[in-house]
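Chemist: Task: produce atomic coordinates for the following.
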Amino acid sequence: MAARSGSLDNEDPFPGFAEFYQATSQGIFDLVRRAAAGDKFLAGDVMQNAYVALLPRWNSRSSLGQDTNRRYVIGIVMNKLADHYRALGRFGDTEMEDIEEAFCRPVESVASETMLFEAVRALLAQQTPRMRSVGVLIFLEGFTCAEVAGILEITSSTVRTVAERLRQRIQPIAARMTEIHSCEEGERP
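Modeler: Just a heads-up that it's a prediction; the model follows:
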């Protein structure tokens with residue numbers, strides 16, 4: 001009997017979890033860092049808390065596959081990030097003029113694609129948690145509306161509405177970036 005109980009002590013109580021963590025943690029960290037407007041400390045905390053939340057459910061979820069569990073963790077991450085911002089009271093829409101002014105720099109400082117990415121990221125950082133989550137997943141990560149709806153546990157209709165509102169806010173920034181880029185190439189805006 002004693003030999004048997006000794007072998008139980010060496011068994012992994014969460015088989016496959018370490019491998020799942022190693023395979024998915026860097027990508028999820030990168031996603032949450034973008035959603036947290038580049039705050040790597042917040043991103044690390046939120047990501048670790050999401051994996052800790054998954055751990056008690058791991059034995060019943062491990063058979064669902066890596067991609068399904070990765071999406072589950074992304075949903076937890078986005079909810080925890082929203083909770084963080086909600087606790088700070090960082091709600092409210094930013095005026096488009098403020099965003100455009102922040103990114104209308106002299107032509108020599110514009111690296112078009114990178115600047116647009118940063119402008120979108122800054123815009124998303126100013127949004128409500130739900131808008132930020134939808135925006136990061138759609139515009140920065142390339143998920144479909146249906147995938148985002150599943151991850152965030154909201155309707156596809158809500159995702160489409162939020163994405164369209166964000167798209168309307170992003171378009172003036174993208175147009176301004178295109179105008180600046182055209183000037184760099186010697187064209188008239």
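Chemist: From the contact counts, what lies against the longest helix anywhere in the chain?
Modeler: Under DSSP state H, the helix in the chain containing the largest number of residues is helix 156-184. Under the contact criterion of 3 or more Cβ pairs under 8 Å, 6 or more residues apart in numbering; DSSP states H and E, helix 156-184 touches helix 96-103, helix 112-125, helix 129-135, helix 145-152. Yep, even glycine has a C-beta here, placed from its N, CA and C like the rest.
Chemist: first vs last residue of stretch 51-58, how far apart are they?
Modeler: 10 Å (Cα to Cα, to the nearest Å).
Chemist: buried ones in it?
Modeler: The neighbour-count check on stretch 51-58 (16 or more other Cβ atoms under 10 Å) flags 51, 54, 58 as buried.
Chemist: will you turn those residues into CSV that also has pLDDT?
Modeler: Below are those laid out as CSV (pLDDT from 0 to 100):
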residue, pLDDT
51, 90
54, 88
58, 89
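Chemist: Output the lowest mean pLDDT helix or strand found in the protein.
Modeler: In the chain, no helix or strand scores lower on mean pLDDT, DSSP states H and E than helix 96-103, which sits at a mean of 42.
Chemist: picking that back up, off-centre distance for the longest helix of the chain?
Modeler: Averaging C-alpha positions (Cα atoms, centre = their mean, to the nearest Å) puts helix 156-184 18 Å from its chain's average.
Chemist: what does the domain assignment say about the chain?
Modeler: 15-90, 92-189 (automatic domain parsing).
Chemist: which one of those has the lowest average pLDDT?
Modeler: Lowest mean pLDDT of the domains of the chain: domain 92-189, a mean of 70.
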